[in-house]
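Undergrad: 3D, please:
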Amino acid sequence: MALVLFRQLYYTGVQSAGIVMLLAALAGAGFVLTLQASLPVGVSTVLELLATLMAKVLGVVFTLLVIAARSVSAISTELAMVQVTGERSTLARLGVDTRLYLVLPRVVAPALSGAVLYLYFVFTALLVGALVSNQTFDVWQVMQIFRSLDPLQILLGMSRTAVFAALAVVFVLRFAIRKARRFPDIPLAASNGVFQTIVVMLLLELAYQILLAAANPMGPLPA
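TA: Have a look, this model is predicted:
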């Protein structure tokens, strides 16, 4: 099980890092350029808005989408194959707990990887956004943007990404993979798994934002 967990962590966390950082760079640069072209605001305001948006919303959403597109499809295909070929039944007859051996590593790995990938996304987006907005490569000046980050928001973002990724994968494994009975069902299980995971993740994030807004209807108090 440890080896399975390690492979899942490597595939989801390490091999997805480049994709996440590329999306973060595009998101950070695009947000800054769009806001500077649309509104007459200063650089400090742009960077504060960028930090808030990335840490509270986009960091979670984009990371979950990458996990759904890259990892859930592979997990769905792999477990559907295990079920269709009878490997799951064989393991159960040998006394192996299939929930621990097959399911647990594939739930824990996206959760742990999601928390780390969220950090990659937020810090890459802010770094690229600061470079684009300042139009300079002065490292000290660029790093000032990270002072506007709220550690609590970062911790909440990491926690949401981890929990939502785990819940979405559990949902897919419970309701989609069990329907695979024949080999033609394997690609269908993969595509359905990705779609259902994206829907579940976005619904969870939407529910969180709604609850957050309901808990603080007046918005943040002025400093």
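
Undergrad: tell me which residues in the host helix or strand of residue 18 are buried?
TA: According to DSSP states H and E, residue 18 maps onto helix 17-38. If you call a residue buried by 16 or more other C-beta atoms under 10 Å, then helix 17-38 has these buried ones: 17, 20-21, 23-25, 27-29, 31-32, 35-36. C-beta here means a position set from N, CA and C on the backbone, and glycine is covered the same way.

Undergrad: Just list what that helix packs against, helices and strands only.
TA: helix 43-53, helix 59-66, helix 104-134 (3 or more C-beta pairs under 8 Å, 6 or more residues apart in numbering; DSSP states H and E).

Undergrad: so what's residue 25 up against?
TA: 124-125, 128 (C-beta atoms under 8 Å, 6 or more residues apart in numbering).

Undergrad: got the residues you listed as a markdown table, with neighbour count columns?
TA: Listed next are these as a markdown table, based on neighbours: other C-beta atoms under 10 Å:
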| residue | neighbour count |
| --- | --- |
| 124 | 22 |
| 125 | 30 |
| 128 | 22 |
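
Undergrad: Residue 192: neighbouring residues, count only.
TA: By other C-beta atoms under 10 Å, the residues close to residue 192 number 19.

Undergrad: Same question for residue 202.
TA: That count, for residue 202 with other C-beta under 10 Å as the rule, works out to 16.

Undergrad: And the closest residue to it other than its chain neighbours, how far from residue 104?
TA: Distance criterion C-beta to C-beta, 6 or more residues apart in numbering; nearest residue to residue 202, sequence neighbours excluded, is residue 61 at 7.2 Å. Residue 61 is 26 Å from residue 104, where distance means C-beta to C-beta, to the nearest Å.

Undergrad: And for residue 195?
TA: To residue 104, residue 195 is 24 Å away according to C-beta to C-beta.

Undergrad: after the lowest-mean-pLDDT helix or strand in the chain comes which helix or strand?
TA: For the chain, the helix or strand with the lowest mean confidence is helix 139-143, at a mean of 63 (criterion: mean pLDDT, DSSP states H and E). Scanning forward in sequence from helix 139-143 by DSSP H and E, the next helix or strand is helix 151-175.

Undergrad: list the helices and strands that next one packs on?
TA: helix 59-66, helix 73-84, helix 104-134, helix 185-215.

Undergrad: Out of those, flag the one nearest residue 172.
TA: Closest to residue 172 of the helices and strands packed on helix 151-175 is helix 185-215 (C-beta to C-beta; 4.4 Å).

Undergrad: Sort out which residues of that closest one are buried, please.
TA: 185-186, 189-190, 192-194, 196-198, 200-202, 204-205, 208.

Undergrad: Show me what that helix is packed against.
TA: helix 59-66, helix 73-84, helix 151-175.

Undergrad: I am finished for the moment; much appreciated.
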